[in-house]
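# sequence below, structure please.
(chains A and B, ligands or ions: 3)
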Amino acid sequence: MSRTYTKKDYMSDQIIRWCPGCGDYSILSQAQTVFSELQIPTENLVVISGIGCSSRFPYYVNSYGFHTIHGRAATIATGLKMSRPELSVWMVTGDGDALSIGGNHTAHVLRRNVDLQILLFNNRIYGLTKGQYSPTSEQGKKTKSTPFGSLDHPFNPAAFALGCDATFVARTVDIFTKDQRDVMHAAYAHKGASFVEIYQNCNIFNDGAWDALTEKVTREERVLMLKHGEPMIFAGGRKGIRLNGLRPEVVELGEGGLGPDDCLKHDETDPYLAAIIARMDFPEFPVPMGVIHRRERPTYEVLANEQIEAVQARSGKGTLQKLLLGGETWKVD
Amino acid sequence: MHSESSKPLHTIDSVVIRFAGDSGDGMQIVGSQFTNTSALFGNDLATFPDFPAEIRAPAGTLAGVSGFQLHFAAHDIYTPGDQPEVLIAMNPAALRVNIKDLKKGGLVIVNQEKFIPREFEKAGITVNPLEDGSLEGYNVVKIDLQKSTKEAVEGLGLGTKEIDRCKNFYALGMTYWLYHRPMEATERWIQEKFKQPYQEANIRALRAGYHLAETLEVFHERFEVPAAKLEAGTYRNIMGNQATAIGLVAAAEKAGLRVFYGSYPITPASDILHYLAGMKSYGVYTFQAEDEIAAIGSAIGASYGGSLGVTATSGPGMALKTEAMGLAIMTELPLVIVNVQRGGPSTGLPTKTEQADLFQAIYGRNGEAPLAVISASTPADCFHMAFEAVRIATRYMCPVILLTDGYLANGSEPWKVPDPDSLPDLSVAFHTAKEGWRPYNRDAATLARAWVRPGTPGLEHRIGGIEKEDGTGNVSYDPDNHEKMVKIRQAKIDGIEVPDLEVTGDPGELLVVGWGSTYGSIRAAVELARSRGYKVAQAHIRYLNPLPKNTEAVLKSFKTVICPEMNLGQLATVLRAKTLVDVQTVSKVKGKAFTVAEIFAAIQAKQ
Ligand SMILES: Cc1ncc(C[n+]2csc(CCOP(=O)(O)OP(=O)(O)O)c2C)c(N)n1
Ligand code: SF4
Ligand SMILES: [Mg+2]
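Ligands and ions are numbered 1, 2, ... in the order given. You can find the predicted model right below:
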């Protein structure tokens, strides 16, 4: 008996405790829409999170959910996915959760390519602990823990993920609802660890962190929407990205005969190109959004299970008798 | 194969022999071969390998000495022996490190070629111990091992280095002659292990050593240790870590679960990972994680998914797993955590044994965070206690810490293999019925919540580390609910059914209580004391949290209770707190097991 799922089926009965106006609401809503569009049976959907405002996410999804400990969601998700590959496992994490305390696990889950959808809510702040700077906060940021400005150079999450040989790296924004859903669909379709950085506004402790990029009036100039196989053009077609040696540069289109064909073409499958564009940042460049990189590589849970099956096919399934009597034995009468 | 000897053969009851050499000298190999041969011969035995912490410390130095001690006997034995009667020393450093342990009048076989100034310097000595009278009172046999081995393998076209690698088998051959051991099992092993021409070379070296011993005048007699009268059954020789691995897999089979083993390499626990990684035919998942936190996290994830999540580590790794244990306690998932204890704190003594993690196991977490703690007493007992860990974890939906230690992990003894059908059934039923179910409803008898696997329709729910509302499992910050849940979690652990504490020996006077790997030394010391007319008894605590229900009654039935521990008195503190009995500590924290003599002395002191 197959049933059809509506968005409502993915909403739990728990009261949502995020601050009114928090960007997390939109992400939850897009995810629930995507779950329903994908018709993932609620019982086969598992959402695993660490600790942080963002990590409250599983409580609000009507599915199996595990709110774990700070930074360790990837480890729990790895154990689950290896042993239950048939489940659709989504991991929700924050910039502190994934890149500070959990940085080690993030690196390893990506290189192993465990088939998970990893949604990193990047609000460039520690929300739950009330406003300390995070590993994605801009240097010099004044927060409660850095009254004279932070000293740390920030991570670029997409570049970090590419450095870990992630097979899927995408970026989107909490308020770009349609693009966000497209990216989630692509992440789900990808077999492997899908790393999705979502710019998220914390309107309490870091309000407007992404405004410079995402405000309607400036968006066109400051954001580059990536499309596989198409030239990198932004600002309503007036500007594009061109490669000058190994360095990207912004060029004006139209004048001097430069057209879309002179611009860099996006190729999701090219890791070298991904490394270049992931580093493009405001204000020198528009910030690339969408799927930055996507590449096929065997997934970890498939390899793990195949290895077991291969051994069993070769030497037969173990029995208790064989286990206990392995090695050299002797009899005493 | 070998001709019968013309020299007299004496029957003796037991022998303790120690092979010592450089880490590169293959002492562990010959030690295991002697062990295997004696096991197949039918002796009872106990072994103790002693490794240096450095993999290959500079050759010839004290830091590089590796040893293997074996006690084999015609009767039941409990320890690898306090003092060897025979020492094989491959170089001056090995002699210097080990000679103090040798029994007076004992036999030393030395590789004479290495007793040269260059080697003395490396061993930190200035005069030749073979000539300075320091070996007076010992029976010293000097052999030119390299030269003799070279002659034995002549014509096989081996280089000096390769010849050198066969000399351990030459020495082994000599000891085989001395103790009238058959060589077949070792020859079989060599045939399986080595390609030609090394196979031929090692076999020749082994046989040449055997024949040389026959011709040496210093060996005017040889000895035989007859088979022990062990209980009827099928036996195999087993090391502690191996027994742990097999116990986990056997229990999982009996539970109808797959083992998921997440681990990060650390001495002396790594061998559990190595064994389990080879057990893929049993459907075992092994995951070498990026650190101990990921290791336990992955095991928790697997348990959540309906596998048997297991992780093992030692000292520092245990410290890293602490937070995740709290998560498993809060989410009430089954989990087995093995701590193969080593000397601490911090990096401590990686290759040496200790029992100083008991407090950490019982108390070492934030909040009121009770879990079950059990321990293994002998290498073979690791099988039984690993099995028990799985029983408790799955029946009570809780994490269980199994404490073993380096001494058990690498030690070995004959293990009577159980009949698979005699092992208790641990079958687990995942909950699937919707009717009346809530995530934190409990079984009335065990207080365990139901195990619901993701993928079960209609039972979608959320769990996590935040305090749970009783029954629903929803997030709750209610003060009364918190206190109630703290008490429920405690009551669940307190209510775990464990067997009563057994007492062997004489009632009423002196009790020697212990836990873990001190079992063998205590048992041997208590038997010795009783044979000399002392009134003394032994009780060994295998279930440390909760304690057996009769613990207090047992302790209170003795006038005096002493507790030998390889720490400063952790079990004694626990017992004093829980029973108000004046348990007196006998402490040893040297990275070494108690000798029988030390415990015997402690018993004597209380007479
Ligand atoms: C081991 C541990 N250390 C510290 C904390 C406190 N803590 C909770 S959330 C958090 C940071 C969260 O930041 P982020 O991951 O960016 O999530 P956000 O709240 O911004 O969504 C910290 C430091 C904790 N819960 N556990
Ligand atoms: S503190 Fe910030 S991130 Fe957290 S819920 Fe409030 S607005 Fe959202
Ligand atoms: Mg944050």
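
# skipping adjacent residues, who's closest to the spatially most central residue of chain B in space?
When CA atoms, centre = their mean is applied to chain B, the residue found nearest the centroid is residue B:408 (1.4 Å). Residue nearest to residue B:408 in three dimensions, not counting chain neighbours: residue B:240, with 3.7 Å by CB to CB, 6 or more residues apart in numbering or on different chains. No exception for glycine: its C-beta is placed from N, CA and C like everyone else's.

# residue contacts, that neighbour?
Residue B:240 sits next to B:340, B:376, B:378-379, B:382, B:404, B:407-412 when contact means CB atoms under 8 Å, 6 or more residues apart in numbering or on different chains.

# need those residues in TSV with secondary structure, can you?
Output for the contacts of residue B:240, formatted as TSV (DSSP: H, G, I helix; E, B strand; the rest coil):
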residue	secondary structure
B:340	strand
B:376	coil
B:378	coil
B:379	coil
B:382	helix
B:404	strand
B:407	helix
B:408	helix
B:409	helix
B:410	helix
B:411	coil
B:412	strand
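
# near ligand 3, which of the residues you listed show up?
Among these, proximity to ligand 3 is found for none (CB under 5 Å from the ion).

# state the helix or strand in which the residue lying closest to residue B:242 once chain neighbours are set aside lies.
Using CB to CB, 6+ apart and skipping residues adjacent in sequence, the residue nearest residue B:242 is residue B:275, 5.5 Å away. Element membership for residue B:275, per DSSP states H and E: helix B:270-277.

# do the same with residue B:249
Per DSSP H and E: helix B:240-255 holds residue B:249.

# next one: that helix to chain centre, how far?
15 Å (CA atoms, centre = their mean, to the nearest Å).

# next, the angle helix B:270-277 makes with that helix.
40 degrees (axes from the mean of the first three to the mean of the last three CA atoms, to 10 degrees).

# CA-only coordinates of stretch A:138-156 in CSV, if you can.
Output of stretch A:138-156 as CSV, limited to C-alpha atoms (Å, rounded to 0.1, in the frame of the first residue of the first chain):
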residue,chain,number,x,y,z
GLU,A,138,34.7,37.8,9.3
GLN,A,139,38.0,38.8,10.9
GLY,A,140,37.8,41.8,13.2
LYS,A,141,34.2,41.0,14.1
LYS,A,142,33.0,42.4,17.4
THR,A,143,31.0,39.9,19.4
LYS,A,144,30.5,39.1,23.1
SER,A,145,33.6,37.1,23.2
THR,A,146,35.6,39.5,21.0
PRO,A,147,34.8,43.0,22.3
PHE,A,148,37.9,44.3,20.5
GLY,A,149,37.4,42.3,17.3
SER,A,150,38.1,38.7,16.4
LEU,A,151,41.6,37.7,15.3
ASP,A,152,40.7,34.6,13.5
HIS,A,153,40.8,34.3,9.7
PRO,A,154,37.5,32.7,8.6
PHE,A,155,36.9,29.4,6.8
ASN,A,156,35.3,29.4,3.4
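
# any idea how far it is from the chain center?
Using CA atoms, centre = their mean, the offset of stretch A:138-156 from its chain centre is 24 Å.

# what mean pLDDT does it have?
Stretch A:138-156 comes out with an average pLDDT of 97.

# what about residue A:236, which SS state?
Classified using three-state DSSP, residue A:236 is helix.

# mind telling me what element the residue lying closest to it once chain neighbours are set aside is part of?
Excluding its sequence neighbours, the residue lying closest to residue A:236 (CB to CB, 6+ apart) is residue A:220, at 5.5 Å. If you go by DSSP H and E, residue A:220 is part of helix A:216-222.

# quick one: name whatever helix or strand follows that helix.
strand A:223-225.

# residues making contact with that following strand?
A:179, A:213-214, A:232, A:234, A:241, A:280, A:285-290.

# for that strand, the distance to its chain's centre please.
18 Å.

# next one: residue B:326 from ligand 1, what distance?
Separation of residue B:326 from ligand 1 (CB to the nearest ligand atom, to the nearest Å): 10 Å.

# what's the answer for residue B:145, then?
Distance from residue B:145 to ligand 1, by CB to the nearest ligand atom: 57 Å.

# residues contacting the residue in the stretch 301-450 of chain B positioned nearest to ligand 1?
Residue of the stretch 301-450 of chain B nearest ligand 1, by CB to the nearest ligand atom: residue B:323 (6.1 Å). Applying CB under 8 Å, 6+ apart to residue B:323 gives the contacts A:69, B:293, B:365-366.

# which parts of the stretch 151-300 of chain A sit against ligand 2?
A:202-205 (CB under 6 Å from any ligand atom).

# touching, residue B:214 and residue B:180? I think so.
No. Counting by CB atoms under 8 Å, residue B:214 does not reach residue B:180; the two are 11.1 Å apart.

# show me which of those two is the more surrounded one.
A direct count of neighbours by other CB atoms under 10 Å in any protein chain shown for residue B:214 and residue B:180 places residue B:214 higher, at 18 against 15.

# pretty sure the more buried one sits in a helix.
Yes. When three-state DSSP is applied, residue B:214 is found to be in a helix.

# look up how far ligand 2 lies from it.
83 Å.

# quick check: the gap between that residue and residue B:145.
17 Å (CB to CB, to the nearest Å).

# what of residue A:141?
70 Å.

# contacts only, for residue 62.
You didn't pick a chain, so chain A it is. So, once contact is read as CB under 8 Å, 6+ apart, residue A:62 ends up touching A:9-13, A:42, B:460.

# nope, chain B
Counted by CB under 8 Å, 6+ apart, residue B:62 has contacts B:93, B:96-97, B:123-124.

# quick check: bridge partners of whatever residue of the stretch 401-550 of chain B ends up closest to chain A?
Residue of the stretch 401-550 of chain B nearest chain A, by CB to the nearest CB: residue B:464 (2.9 Å). Beta-bridge pairing of residue B:464 under DSSP bridges involves residue A:67.

# what does residue B:415 give?
residue B:236.

# hang on, isn't it packed against residue B:239?
No. Judged on CB under 8 Å, residue B:415 makes no contact with residue B:239 at a distance of 9.7 Å.

# now do the shared contacts for these two.
In contact with both residue B:415 and residue B:239: residue B:379, using CB under 8 Å, 6+ apart.

# the more surrounded of those two?
Per other CB under 10 Å, whichever of residue B:415 and residue B:239 has more neighbours is residue B:415, with 27 against 24.

# how near is residue A:87 to residue B:356?
In terms of CB to CB, residue A:87 sits 41 Å off from residue B:356.

# more neighbours: the two, which one.
residue A:87 (23 against 20).

# which pLDDT does the model give that one?
At residue A:87, pLDDT is 98.

# quick one: contacts for it?
A:44-46, A:64, A:80-81, B:305, B:454-455.

# go through the contacts of strand A:223-225 and flag which are in helices.
Residues of the contacts of strand A:223-225 located in helices (DSSP state H): A:179, A:213-214.

# show me which of those residues is closest to residue B:345.
residue A:213 (49.5 Å; CB to CB).

# just give the number of residues close to the closest residue to the closest one other than its chain neighbours.
Setting aside the residues directly before and after it, residue A:213 is nearest to residue A:222 in space (CB to CB, 6+ apart), at 4.8 Å. By the criterion of other CB under 10 Å, residue A:222 has 17 neighbours.

# so where is the chain shaky, pLDDT-wise?
Using chain A. A:1, A:255 (pLDDT under 70).

# my bad, chain B
Using pLDDT under 70, the flagged stretches of chain B are B:1-4.

# tell me the domain boundaries of it?
B:9-224, B:235-422, B:503-605 (automatic domain parsing).

# residues from the stretch 301-450 of chain B in reach of chain A?
Taking CB under 8 Å from any CB of the partner chain as the contact definition, the stretch 301-450 of chain B meets chain A at B:301-307, B:309, B:323-324, B:326-327, B:331, B:417-418, B:420, B:423.

# am I right that residue B:140 sits in a strand?
Yes. Counting by three-state DSSP, residue B:140 falls inside a strand.

# for it, what are its contacts?
Residue B:140 touches B:107-108, B:110, B:130, counting by CB under 8 Å, 6+ apart.

# what residues does the stretch 1-150 of chain B put near chain A?
B:36, B:39-40, B:42.
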